[in-house]
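J.: Below: sequence and its predicted model.
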Amino acid sequence: MLRIKQHPQILLLLKILLILSFLAFLFARPVFGQGEKEVFIFIQNGSYQFEENNLQPDQPVMLVINNRDLVRHGFLSTIFEGLDVEVEVNGIITYTKGMKGIHLDPGKTARIHFSPTSAGKFSFHCDLHPSLKGEMAILTFGAG
Ligand SMILES: [Cu+2]
């Protein structure tokens, strides 16, 4: 048996490990993700379903979009124009400046992080099924 009392360097090593793992935890968090409002959006039976969550301009937002249908759907909006946007799908994170939107295969989930800079109502639509009504959602930021 190893006696810690006879090996004070082991205790010191444990302390250093503890401090290092704490620091790693602090700094491993992504830049995005702090103070974000989360908005969960499900695409089901060809329509977007979500609850709006008192969104404000200049407050970071994470849209979590889940396609529950058996076909691919789009999620496009002018709200992303000119903004820094982080898109995460299947463990791949893309950083982009502005975008038209995304396409989601069946069963897939995307996380879109951004900070809207202006108040107003912004619509989202699916470009793949333009004839279907209901494939449109409106998010309102601020008094709008
Ligand atoms: Cu669609």
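T.: Happy to help now that I have it.
J.: Output the set of residues of the protein in proximity to the ion.
T.: H73, C126, L128, H129 (CB under 5 Å from the ion). Just so you know, the C-beta spots here come from the backbone N, C-alpha and C atoms, and that holds for glycine as well.
J.: now the residues you listed: which count as buried?
T.: Buried members of the residues of the chain next to the ion, counted by 16 or more other CB atoms under 10 Å: H73, C126, H129.
J.: what ranges do the strands span in this structure?
T.: 37-44, 47-50, 61-67, 73-76, 84-89, 92-97, 101-104, 109-114, 120-125, 136-141 (DSSP state E).
J.: List the contacts of S77.
T.: Contacts for S77 (CB atoms under 8 Å, 6 or more residues apart in numbering) come out as G101, F122, S123, F124, H125.
J.: So the nearest residue to the second one once chain neighbours are set aside versus F22, what's the distance?
T.: Beyond its immediate neighbours in the sequence, the residue positioned closest to F122 (CB to CB, 6 or more residues apart in numbering) is I79, lying 4.0 Å away. Shown here: I79 relative to F22, a distance of 38 Å by CB to CB, to the nearest Å.
J.: ok, those two, which is more surrounded?
T.: I79 (23 against 10; other CB atoms under 10 Å).
J.: count of neighbours near N66?
T.: 16.
J.: and if you look at F141?
T.: F141, neighbours per other CB under 10 Å, totals 22.
J.: If it is in a bridge, with which residues?
T.: Beta-bridge partners recorded for F141 (DSSP bridges): G120.
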